[in-house]
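1. Kindly generate the corresponding structure for this input.
(one chain, ligands or ions: 1)
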Amino acid sequence: MTTSNVRVRFAPSPTGPLHMGGVRTALYNYLFARAHGGKFLLRIEDTDQTRYVEGAEDYVREALTWCGIEIDEGVVAGGEFGPYRQSERNAFYREAVELLLVSGHAYLAFDTPEELDALRKQAELDKNVFQYDASSRGGLKNSMSLSEEEVEALIENETPYIVRFKTPDIAEDITFTDEIRGNVTISSAVVDDKVLVKADGLPTYHLANVVDDYGMEISHVIRGEEWLPSAPLHIMLYRAFGWDAPKFAHLSLILKPTGNGKLSKRDGDAGGFPVFPIEWKDPKTGNMASGYREHGYEPEAFLNMLLMLGWNPGDDREMFTLEEAAKVFSLDKVVKSSARFSPDKARWFNEQYLRQKPMAELVPALIEIAGLQGITLDERDAGVVLKLMLERVTFLHEILEAKWLFGAPKHEDFDEKMVRKKWKPETAGYMSDLKTMLASTTLFKADEIESRFKSHLEEKDLSFGQVLLPFRLALTGAGGGPSMFEFAEFLGLETTLERLDFGTSMIEKMKEEQ
Ligand code: GLU
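-> Below you'll find the predicted structure:
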């Protein structure tokens, strides 16, 4: 294997739970690294102390672990380019900003937030927009406009200051090649003199991001479209440092199921689907937001769904495990347009993965989740239940909702509407005949029961509808489900007859009450 220079990073800010769009960004980075034999890094961008949320970093790591996205280098994993948490890297940023101050690409600014606010408001009144840049900085309080002595005096008096980037005096076009979008040109005129270091001495996202991508030898920056407007500033920063910029790839948005607007953190739950990989409890409000994991999704299904939300292999294949995707993933197959999220498609993927899973995995998984609900299942029963139900559910836990699998239905479990529609005055008689027939079945196996059932109907000149559905209702209380012949075999002769009796009398009582 050749050693690859590909190094990519996922760089979340711990400001809350990771949205599924963030997981997609992590996934594409991970696959790109794997496809090129490169490295995938996890860097925590926590320089904005005001937006820091307790537990968010742990959440990111737990979510990635659940997904099976392995981190080669980063917080916890470690590596030779650490530390990987920006709050622990201030020395690097100070050194870097010093370079820019010395070379004249950055300057100190002493304007107070109130002064800048007043300027913004005044500009608004004049139907203008205030921008801190070449057009205004000469008249403001900074080391470009003030004399050296004035600056020194301000520093001596401990006047708070920030460091700003000096954008070009004469506007120029900043052009770069985006690996997904092709050539992008943005005028430097739309970029203001961005803050690089805040009054608290900590770097802003822009400075820290560029210093770290360079310092960690990141080859490709693959990130969300919302960062596209920041790209020209980042390119100007690389130039100012005299560093080669990495390659950029900006991923398009994920849209709401309606197609109207970006899928936001608030779209989950209310819409009946999660937007977070795993459950999140807000540390301040205590509010819970649900996750794909807790909904019962297989991580492989969740990732496959995300993979196809913005990438395709160039043909109509849809099913990819992580390993398979890593072999074929490339940025040129990432789509430029936004992808609309479909909760139905997410469920479809889960069904596919569930049905593909080997019994050796499904059986213990079902036994475990059944146990959590106080249902004891042995391996044999779990296997049969799975065979009966797997094609009928989207999630494994849905099997447990069919309570009649594990015990006779209770009064409240009977589907009243079905009973009203399908249970006729003569039905109890049919059930009694059916019982006699079943009781005489020597080999209580699905095939045998089915063939005897058919002959029985012929003999009595009855239709399937007259007998099979009531039989189902009596045994399960429900109008739908798996093959009744297989289910009867699962119950065994004795229990089948018991349930048939019990269900019939229960339904007869209900009919009297109706
Ligand atoms: N910290 C940024 C975020 O939270 C990372 C942006 C980037 O990847 O450059 O999205």
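
2. Can you report how many residues neighbour Ile449?
-> 23 (other C-beta atoms under 10 Å). C-betas here are computed from N, CA, C, even on glycine.

3. show me what contacts it?
-> Leu438, Thr441, Phe485, Ala488, Glu489 (C-beta atoms under 8 Å, 6 or more residues apart in numbering).

4. if we go to 10 Å?
-> 437-438, 441, 443, 483-489, 493, 496 (C-beta atoms under 10 Å, 6 or more residues apart in numbering).

5. Quick one: name whatever helix or strand follows the host helix or strand of it.
-> Here Ile449, judged by DSSP states H and E, is contained in helix 446-460. For helix 446-460, the succeeding helix or strand toward the C-terminus, using DSSP H and E, is helix 464-476.

6. For that following helix, C-alpha coordinates in CSV please.
-> Only the C-alpha atoms of helix 464-476 are listed here, as CSV (Å, rounded to 0.1, in the frame of the first residue of the first chain):
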residue,chain,number,x,y,z
PHE,A,464,-61.2,-18.3,3.4
GLY,A,465,-62.6,-14.9,4.4
GLN,A,466,-65.3,-16.5,6.5
VAL,A,467,-62.9,-18.6,8.6
LEU,A,468,-59.3,-17.4,8.3
LEU,A,469,-59.7,-13.9,9.4
PRO,A,470,-61.9,-14.8,12.4
PHE,A,471,-59.3,-17.4,13.3
ARG,A,472,-56.6,-14.7,13.2
LEU,A,473,-58.8,-12.4,15.3
ALA,A,474,-59.4,-15.0,17.9
LEU,A,475,-55.8,-15.9,18.2
THR,A,476,-54.2,-12.5,17.9
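
7. Show me how far that helix is from its chain's centre.
-> Here helix 464-476 is found 42 Å from its chain centre; the criterion is C-alpha atoms, centre = their mean, to the nearest Å.

8. again, but for stretch 394-412
-> For stretch 394-412, the distance to the chain centre is 29 Å (C-alpha atoms, centre = their mean).

9. for it, what is the average pLDDT?
-> Stretch 394-412 carries an average pLDDT of 95.

10. for the ligand, what are the nearby residues on this structure?
-> Ala11, Pro12, Ser13, Glu45, Tyr205, Asn209, Val221, Arg223, Trp227 (C-beta under 6 Å from any ligand atom).

11. For ChimeraX, write the select line for the buried members of those residues.
-> Buried residues within the residues of the chain next to the ligand, by 16 or more other C-beta atoms under 10 Å, are selected in ChimeraX with:
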select :11,12,13,45,205,209,221,223,227
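
12. Tell me which two of the residues of the chain next to the ligand sit farthest apart.
-> Ser13 and Val221 (15.2 Å; C-beta to C-beta).

13. any idea which helix or strand carries Arg293?
-> helix 292-295.

14. what sits against the residue of the stretch 101-250 of the chain at minimum distance from the ligand?
-> Closest to the ligand within the stretch 101-250 of the chain is Arg223: 3.4 Å, counting by C-beta to the nearest ligand atom. Residues in contact with Arg223 (C-beta under 10 Å, 6+ apart) are 8-11, 22, 25, 28-29, 209, 230-231, 248-251.

15. Repeat that for Val385.
-> For Val385, the contact set (C-beta under 10 Å, 6+ apart) comprises 362-363, 366, 370, 377, 399-400, 402, 405-406, 482, 487, 490.

16. where are the low-confidence patches of the stretch 1-150 of the chain?
-> For the stretch 1-150 of the chain, applying pLDDT under 70 flags the ranges 1-3.

17. for it, what spans make up the strands?
-> Along the stretch 1-150 of the chain, counting by DSSP state E, counting those that start in this stretch, strands occupy 7-10, 39-42, 73-74, 106-109.

18. Redo these as CSV? Include mean neighbour count.
-> Listed next are the strands of the stretch 1-150 of the chain as CSV, based on neighbours: other C-beta atoms under 10 Å:
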stretch, mean neighbour count
strand 7-10, 26
strand 39-42, 25
strand 73-74, 22
strand 106-109, 22
